[in-house]
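Asks: requesting a structural model of the entry that follows:
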Amino acid sequence: MKPDNSEQIMRVLVVDDEALARKGLMLRLKELGKTEVLRECQNGREALEAIAELTPDLVFLDIQMPGMSGFDVVERLQQDNMPMVIFVTAYDAYAVNAFEIHAVDYLLKPIELDRLASALTKAQAQLANKQAWNDKKRLLDIVIGLTGKSEQAVLELISSGESPAKYGEKLAIKDGASTTFVPVRDIDWIDAAGDYMCVHVKGATLIMRTTMKELEDQLDPKVFQRVHRSTIVNLDRVEKVSSHINGEFHLTLSCGTSLKMSRSYKDKVKHFF
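Replies: Below is the predicted model of the structure:
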């Protein structure tokens, strides 16, 4: 019983302190196909090093090894570096513990070919699901970055069949390797400084590299409007409008800032007049 030819080749490690056991398992894996043995390890320390270096899809892990058992190996793995695990043991009593730590399956020595094939089929199914989830996570990360919504909010929108809103609740402002997510409702005003935009939020100024047009496209025009060639204002923050003889206007915001509004932008905020 060989795995279906359409299945992906799994990258595996074989971990067992007995050389004959490793050799026997690798011969059976070769007979079944659809696996690539990256390395064989004879103890837990070698297994941890190989997993960190090679990031295998699947590890065949002997439970009873001197110094560090198979269970000890699993406990020392980081969650984001966790391969699928099939435990190998000569004692059926270990099966309960194996599944308590979410093993794909467990195999009793001596390993039977059909039983090994069945365990590989389970692993293939889990690998496919894991990759589908990783693809979904990448998509969610993109959507979250574009909309500013939480992952839960995006998942709820997807499950309801609705599309995420065009205008996000947060603005992603990158600074080197870090990104600050600013609640859009907290932004008072924004002005341009060359190739950069200065986002004024509760007395602080955050800098982001983008264009005025690109930033306008991310903000709801019902709340944010351009009042000058280089200025966008949160209309909810406007407390006072003062006219000047030259036809220009000054907007006084709730934070105390006074902004100049060009005559050409008057129609965009005509509800103030």
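Asks: residue ranges with poor pLDDT in this structure?
Replies: Under the criterion pLDDT under 70, the flagged ranges of the chain are 1-7, 78-81, 96, 100-102, 136-166, 245-247, 265-273.
Asks: quick one: secondary structure of Val241?
Replies: For Val241, the reduced secondary structure class is strand; criterion used: DSSP: H, G, I helix; E, B strand; the rest coil.
Asks: that one bridge partners, please.
Replies: Partner residues in beta bridges with Val241, using DSSP bridges, are Leu251.
Asks: was I right about it contacting Phe249?
Replies: Yes - the pair formed by Val241 and Phe249 meets the contact definition of Cβ atoms under 8 Å, at 5.7 Å. Just so you know, the C-beta spots here come from the backbone N, C-alpha and C atoms, and that holds for glycine as well.
Asks: which one's more surrounded, the two?
Replies: Counting neighbours by other Cβ atoms under 10 Å for Val241 and for Phe249 shows that Phe249 has the greater number, 20 against 14.
Asks: quick one: contacts for that one?
Replies: Residues in contact with Phe249, defined by Cβ atoms under 8 Å, 6 or more residues apart in numbering, are 241-243, 260-261, 263, 266.
Asks: which phi and psi does the residue nearest to it when sequence neighbours are not counted have?
Replies: Among residues not flanking Phe249 along the chain, Met261 sits closest, at 4.4 Å (Cβ to Cβ, 6 or more residues apart in numbering). Summarising the backbone geometry of Met261 under the convention degrees, to the nearest 10, its torsions are phi -120, psi 120.
Asks: now Val233: which helix or strand?
Replies: Applying DSSP states H and E as the criterion places Val233 in strand 231-234.
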